[in-house]
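Colleague: structure of the sequence below:
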Amino acid sequence: MSTKNFDNGFKFPDFEQYPMFNDKNMEQLQALTKHHPESLKDIIKSLIEEVPVLLENVEDGINKTQFEKIQQHIHSLKGIFATFGATRLFEISRYMDENNKKENFDITFKLFPMLKSNYYKLEELLKERFL
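Modeller: Residues are numbered from 1 along each chain as shown. Next comes the predicted model:
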């Protein structure tokens with residue numbers, strides 16, 4: 001796996017190698033909701049409403065160094081991103097979650113801005129394509 005460096009020499013996986021979005025997951029959701037197309041829009045709207053709240057909770061946990069809160073919400077985000085096929089976000093949150101379990105929260109502190117900015121890119125993509 002290739003790596004990238006932060007300015008301070010911190011190395012992390014090159015998450016840009018992963019696609020922002022996996023169309024197969026959306027195709028499965030579309031197939032499940034084909035008789036109720038509005039349901040798919042409701043699912044996407046729910047994602048767009050819920051993820052920013054979870055991101056705010058992670059950020060609050062980071063600002064207050066509340067490690068349990070950080071771990072809980074990163075784990076929740078990881079599951080949401082996996083379900084929606086947000087491959088890059090899943091990989092970032094999975095890496096953060098693994099390190100949080102090892103009590104290496106410094107990784108989360110450093111990668112959180114990347115997670116957040118990539119989420120907002122995904123949100124725009126979902127709005128353009130499905131809403």
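Colleague: and the closest residue to residue 26 other than its chain neighbours, what does it touch?
Modeller: Distance criterion Cβ to Cβ, 6 or more residues apart in numbering; nearest residue to residue 26, sequence neighbours excluded, is residue 85 at 6.1 Å. No exception for glycine: its C-beta is placed from N, CA and C like everyone else's. By Cβ atoms under 8 Å, 6 or more residues apart in numbering, the contact list for residue 85 reads 21-26.
Colleague: wait, which of the residues you listed is closest to residue 109?
Modeller: Closest approach between these and residue 109, by Cβ to Cβ: residue 21, at 26.2 Å.
Colleague: pretty sure that closest one sits against residue 89.
Modeller: No: Residue 21 lies out of contact with residue 89 (Cβ atoms under 8 Å); the separation is 9.1 Å.
Colleague: apart from its chain neighbours, what residue comes closest to residue 75?
Modeller: Spatial nearest neighbour of residue 75, excluding adjacent residues (Cβ to Cβ, 6+ apart): residue 97 at 5.4 Å.
Colleague: dihedrals phi and psi, residue 12?
Modeller: With angles defined as degrees, to the nearest 10, residue 12 sits at phi -150, psi 160.
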